[in-house]
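[1] Structure for the following, please:
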Amino acid sequence: MFDIVFQPNNSRRRVFHVAGSSCVVGRARNNDLPIDSRSIAKHHAEFSQHSDGVHIRDLGSSAGSYVNRQRVVEYGPLDTLDEVVLGDVRIGLQKVVPATPLNSEQTRLVKEPMENRFTGFEVMNKQDGVYTASESHYSESFAYWGRVVHERLLDAMDLRRKDVSRMSDEQLRQESASLISEIIQRLLNELPEDLNADALHEQVLNESVGLGPLEAFLADDAISEVMVNNHREIFVEKNGRLEQSTIQFSSDKTVYSVIERIITPLGRRIDESSPVVDARLKDGSRVNAVIPPLALKGPSLTIRKFPKHRLDFSKLVHGESLTQDMVDFLQVCVEQRRNIVVAGGTGSGKTTLLNLLSAFIPHDQRIVTIEDAAELKLDQPNLVSLESRPSNSEGTGEITIRDLMRNALRMRPDRIVVGECRGGEAIDMLQAMNTGHNGSLTTVHANSPRDVVSRLEVLVLMGGIEIPIMAIREQLASAVDIIIQQNRLPCGHRKVTQISEVVGVESGTIQLQDIYKFKPSGIDVDGTTLGQFEASGFIPTFYEFLREQGVQLSIHGFNRRINEGAA
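    Just a heads-up that it's a prediction; the model follows:
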């Protein structure tokens, strides 16, 4: 605990008692100590108590923070005789109650000179006019000056009375880029020599009108997923492996801004009463955001990127995710209206595979897709895409997957494609498959085809309809024809590990028969899983039925080992 004595210009001195260990000073009302002065930034500086006294840290204010007429980024411990100036406000300490001792790491950070803590900054790698994330390094110095430029940009926009709501994205970007260039030009004498001004310009511009540091990740085709734990911790999945990025957001406030920038055009909202939201980017990438009080470390953001170049089965065959014989069989299943369930864990590639399977649906059929966040991209002309909707701020207006599923049955669909069954909509899906909507497709979270059966039974029971378990199993065995298991291997590669047919119910148990299976045989020196695809020799039961209907089908791919190689 400590007392702050502050005196705005031409005003009397006042005393503010800080009950905790820190105090944020600024113009905004949500600060611990709000001061009504135009020369003060919205969030100007933070006073925090350590074992050796009170320290001050500038939060990126445009006017800066000064201790004894010297501009500081971080300074401490403060003496009661030190004069702190924030804009036109003079501040001093009156009384300090000792805090609890710091641990060894905190003590090192307090005692270590600030210039030593700002070393290690390297220029971001610029390729084709874009700063990429692959070889970038970040520093506290870079973050600090990013906050300074960002704060001055907001002030400049405010002074020029710019109505950004009436400006197009391109106009706003051009206007911001021009102002940022002017601000950085005026700051050149103050910027550290090892700090790259072009990288700073790009960073502030992206945080102001784009997605901040995420822009570099979204431009990198090798990165498939971006995970923001808080403004200082960003992890990415690159070439199938997780790694921590050295790039950071400048503050939690910029993470909030990025989240708002993503969800506002979609009509979604996020606040303390609704701290979780699902959305998507313009390119179809899936976005999930969680903010405090649920996210304890700060606002969290997860982006699963939608591939810029549409995948096809030839690329999956080349990457040994499955074989051509398996592709030919799946094409027959889709074209001949078999009901298919794609199973797998999170990030295993279920939606990608579902998208590819949907491309086999003939163009003369009417398709209705139902998803939480629209990700499927189909080329068929007679297509209706439906997306669920969360409740509004009054808690009403929610439209669930199950609501859309029931409505889809009234839209005369030939095929229904559900992005994922995760609740009571499973019973509606099974009923649709059993009542004339053959050839429907969906995905579920499961680790094996046998787990798919158990999972669907549980989901049906979640629908709230009291049905005997045997009736559920008979419905399931009659509705589902093919289960495709997709897994993400420890080496990061995604692979179709099993294709099974549901052949009926015997002694109260649903019977499955494997058609294709991947059998691992070891691990290479670089950690890659080795193995081979094998056909079981079993010919699908529906092939005989199709032959009786006059459909000529080849069976050469069911009776031999069909591929060997690395995963």
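[2] I'd like the next helix or strand past the host helix or strand of residue 186.
    Assigned by DSSP states H and E, residue 186 falls within helix 169-187. Beyond helix 169-187 on the C-terminal side, the first helix or strand identified by DSSP H and E is helix 197-209.
[3] for the helix holding residue 186, packing partners?
    Using 3 or more CB pairs under 8 Å, 6 or more residues apart in numbering; DSSP states H and E as the contact test, the elements touching helix 169-187 are helix 140-159, helix 197-209. For every residue, glycine as well, the C-beta is placed using N, CA and C.
[4] Turn those helices into CSV, including mean neighbour count, distance to residue 382 and mean pLDDT.
    Compiled in CSV, those are given as follows (neighbours: other CB atoms under 10 Å; distance: least, CB to CB, whole Å; pLDDT from 0 to 100):
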stretch, mean neighbour count, distance to residue 382, mean pLDDT
helix 140-159, 20, 47, 75
helix 197-209, 21, 38, 81
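[5] Ok, which of the ones you listed comes nearest residue 342?
    Residue 342 lies closest to helix 197-209 among the helices and strands packed on helix 169-187, at 35.7 Å (CB to CB).
[6] Which strands or helices does the helix or strand following that closest one pack on?
    Going down the chain from helix 197-209, the next helix or strand is helix 214-219, by DSSP H and E. Contacts defined by 3+ CB pairs under 8 Å, 6+ apart place helix 214-219 against strand 130-131, helix 197-209, strand 223-230, strand 300-304.
[7] follow-up on the earlier one: who's in contact with the helix holding residue 186?
    Contact with helix 169-187 is made by 145, 148-149, 152-153, 156-157, 162, 164, 167, 191, 197, 200-201, 204-205, 208-210, as judged by CB atoms under 8 Å, 6 or more residues apart in numbering.
[8] from the chain's centre, how far out does that helix sit?
    28 Å (CA atoms, centre = their mean, to the nearest Å).
[9] what angle separates it from helix 197-209?
    If you take axes from the mean of the first three to the mean of the last three CA atoms, to 10 degrees, helix 169-187 sits at 140 degrees to helix 197-209.
[10] buried sites along helix 169-187?
    For helix 169-187, a neighbour-count test (16 or more other CB atoms under 10 Å) marks 172-173, 175-176, 179-180, 183-184, 187 as buried.
[11] quick one, that helix and helix 140-159 angle?
    Going by the same axes, to 10 degrees, helix 169-187 makes 120 degrees with helix 140-159.
[12] Run through this protein and note the low-pLDDT ranges.
    95-140, 158-169, 308-310, 393, 560-567 (pLDDT under 70).
[13] repeat that for 50
    For the chain, the stretches with pLDDT under 50 are 100-138, 562-567.
[14] Please report phi then psi for residue 520.
    phi -70, psi 150 (degrees, to the nearest 10).
[15] Spit out the contact partners of it.
    489, 529-531, 567.
[16] Now tabulate those residues in JSON lines and tack on neighbour count.
    Below are those laid out as JSON lines (neighbours: other CB atoms under 10 Å):
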{"residue": "489", "neighbour count": "19"}
{"residue": "529", "neighbour count": "18"}
{"residue": "530", "neighbour count": "14"}
{"residue": "531", "neighbour count": "22"}
{"residue": "567", "neighbour count": "24"}
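[17] For these, work out which two are farthest apart.
    Within the contacts of residue 520, 489 and 530 form the most distant pair, 10.4 Å apart (CB to CB).
[18] circling back: can you check which of the helices and strands packed on helix 214-219 gets nearest to residue 496?
    strand 223-230 (17.8 Å).
[19] What is the distance between that closest one and the centre of its chain?
    6 Å.
[20] what's it packed up against?
    helix 214-219, strand 233-238, helix 252-263, strand 300-304.
[21] Make TSV from these and add distance to residue 513 to it.
    Output for the helices and strands packed on strand 223-230, formatted as TSV (distance: least, CB to CB, whole Å):
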stretch	distance to residue 513
helix 214-219	43
strand 233-238	35
helix 252-263	45
strand 300-304	33
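[22] Neighbouring strands of whichever strand or helix holds residue 288 in the sheet, and parallel or not?
    Element membership of residue 288, judged by DSSP H and E, is strand 286-290. Under the criterion DSSP bridges, strand 286-290 sits next to strand 276-280 (antiparallel), strand 300-304 (antiparallel) in its sheet.
[23] rewinding a little: got CSV for the helices and strands packed on strand 223-230, with mean neighbour count and distance to residue 503 too?
    Converted to CSV, the helices and strands packed on strand 223-230 look like this (neighbours: other CB atoms under 10 Å; distance: least, CB to CB, whole Å):
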stretch, mean neighbour count, distance to residue 503
helix 214-219, 22, 45
strand 233-238, 19, 37
helix 252-263, 20, 46
strand 300-304, 22, 35
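[24] Relative to residue 92, which of those is closest?
    Between residue 92 and the helices and strands packed on strand 223-230, the tightest spacing by CB to CB is seen for helix 252-263, at 27.8 Å.
[25] Next, the angle from that closest one to helix 140-159.
    Going by the same axes, to 10 degrees, helix 252-263 makes 60 degrees with helix 140-159.
[26] Tell me the secondary structure at residue 360.
    Using DSSP: H, G, I helix; E, B strand; the rest coil, the structure places residue 360 in coil.
[27] Can we start the residue count at 49 from this point?
    Right, with 49 as the first residue, what we last looked at is residue 408.
[28] Not counting sequence-adjacent ones, nearest residue to it?
    The shortest distance from residue 408 to any non-neighbouring residue, by CB to CB, 6 or more residues apart in numbering, is to residue 382 (3.8 Å).
[29] part of a helix, is the one you found?
    Yes. Per three-state DSSP, residue 382 lies within a helix segment.
[30] if I pick it, what's in contact with it?
    The contact partners of residue 382, by CB under 8 Å, 6+ apart, come to 388, 405-406, 408-409, 487, 489.
[31] Could you check how far residue 331 is from residue 283?
    21 Å (CB to CB, to the nearest Å).
[32] Doesn't residue 594 belong to a helix?
    Yes. Residue 594 forms part of a helix when assessed by three-state DSSP.
[33] Once you drop chain neighbours, what's closest to residue 299?
    Nearest non-adjacent residue to residue 299, counting by CB to CB, 6+ apart: residue 279, 5.6 Å away.
[34] Go ahead and confirm the one you found touches residue 297.
    Yes. Applying CB atoms under 8 Å, one finds residue 279 in contact with residue 297, separated by 3.8 Å.
[35] Comparing those two, which shows the higher neighbour count?
    Using other CB atoms under 10 Å as the criterion, residue 279 and residue 297 rank with residue 297 on top: 28 against 23.
[36] quick one: the residue nearest to residue 408 from residue 406, how far?
    Taking CB to CB, one finds residue 382 at 8 Å from residue 406.
[37] Quick one: distance of stretch 264-271 to the chain centre.
    13 Å.
[38] can you give me the end-to-end distance of that stretch?
    10 Å (CA to CA, to the nearest Å).
[39] likewise stretch 340-349?
    Stretch 340-349 has an end-to-end distance of 12 Å (CA to CA).
[40] So for that stretch, what gets flagged as buried?
    Within stretch 340-349, the residues scored as buried using 16+ other CB under 10 Å are 343, 346-349.
[41] Residues contacting it, please?
    Residues contacting stretch 340-349 (CB under 8 Å, 6+ apart): 262, 274-279, 281, 300, 303-304, 306-307, 320, 323-324, 335-339.
[42] same thing but 7 Å
    Outside stretch 340-349, the residues within contact range by CB atoms under 7 Å, 6 or more residues apart in numbering are 276-279, 300, 303-304, 306-307, 320, 323-324, 337-339.
[43] How about stretch 457-473?
    Looking at what lies outside stretch 457-473 - CB under 7 Å, 6+ apart - the contacts are 399, 406, 409, 413-420, 423-424, 432, 449-450, 453, 456, 477, 480, 485, 487-492, 507, 510-512.
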